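**Q** okay, predicted coordinates and the sequence, questions at the end:
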Amino acid sequence: MPAPLRRFLRYAACAAAIVGGLLAGDWLVAVTGVPLPRSVVGLFLLAALCFALPHAQAILEPLERGVARWLGALIVPPLVGAAMFAGLLGQHAAALAVILIGTTLLAGFVTAYLYRRMAAA
């Protein structure tokens, strides 16, 4: 298989995994009613997959690089959504602060974990 096609297929698989994580997070929030941003739940599911399959480094490496590259796409939508509902910020400021701080910490830990795994490879 030519190298450009192989590279394209690896990136396509990575993009599919990221979109799959986002869709799984969307579904999980819709089913359970958890008051968390859907993309953050998707990020958590992708991180759980990385922790659950440490022996599959070769399979997860493109996914880890993809998550590290596309991390902003997982975090920005909840912040944009919060800005759209600025009127509710006064009523729910404490809950929103807890969610934003928690998801920022989660993103930082996931990023550090992924960078550490990529550096070890």
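**A** Yes, it's here. Numbers count the residues shown, from 1 in each chain.
**Q** how far away from the center of its chain is the longest helix seen in the chain?
**A** Ranked by residue count, the top helix of the chain under DSSP state H comes out as helix 3-32. Per Cα atoms, centre = their mean, to the nearest Å, the displacement of helix 3-32 from the mean C-alpha position of its chain is 10 Å.
**Q** report the buried residues of it.
**A** Neighbour counts over helix 3-32 (16 or more other Cβ atoms under 10 Å) mark Cys14, Ala17, Ile18, Gly21, Leu22, Ala24, Gly25, Leu28, Val29 as buried. (C-beta placed from N, C-alpha, C; glycine too.)
**Q** mind listing the strands for this protein?
**A** With DSSP state E as the criterion, the chain has no strands.
**Q** residue nearest the centroid of it?
**A** The geometric centre of the chain, computed from its C-alpha atoms, lies nearest to Leu43 (Cα atoms, centre = their mean), at 2.4 Å.
**Q** confidence score at that one?
**A** Per-residue pLDDT puts Leu43 at 79.
**Q** my read: it touches Gly108, true?
**A** No. Counting by Cβ atoms under 8 Å, Leu43 stays clear of Gly108, with 11.5 Å between them.
**Q** ok, now how distant is the residue nearest to the centre of the chain from Ala94?
**A** 23 Å (Cβ to Cβ, to the nearest Å).
**Q** by mean pLDDT, which helix or strand of this structure comes out lowest?
**A** helix 57-69 (a mean of 67; mean pLDDT, DSSP states H and E).
**Q** shaky segments in this protein?
**A** The model of the chain has pLDDT under 70 over residues 54-60, 63, 66-67, 73-75, 82, 121.
**Q** go again using 80 as the cut-off
**A** 1, 7, 10-18, 43, 46-47, 49-51, 53-86, 88-89, 96, 121 (pLDDT under 80).
**Q** list the contacts of the nearest residue to Gly42 once chain neighbours are set aside.
**A** Closest residue to Gly42 apart from its sequence neighbours, by Cβ to Cβ, 6 or more residues apart in numbering: Gly25 at 2.9 Å. Residues near Gly25 by Cβ atoms under 8 Å, 6 or more residues apart in numbering: Arg38, Ser39, Val40, Val41, Gly42, Leu43, Phe44, Leu45.
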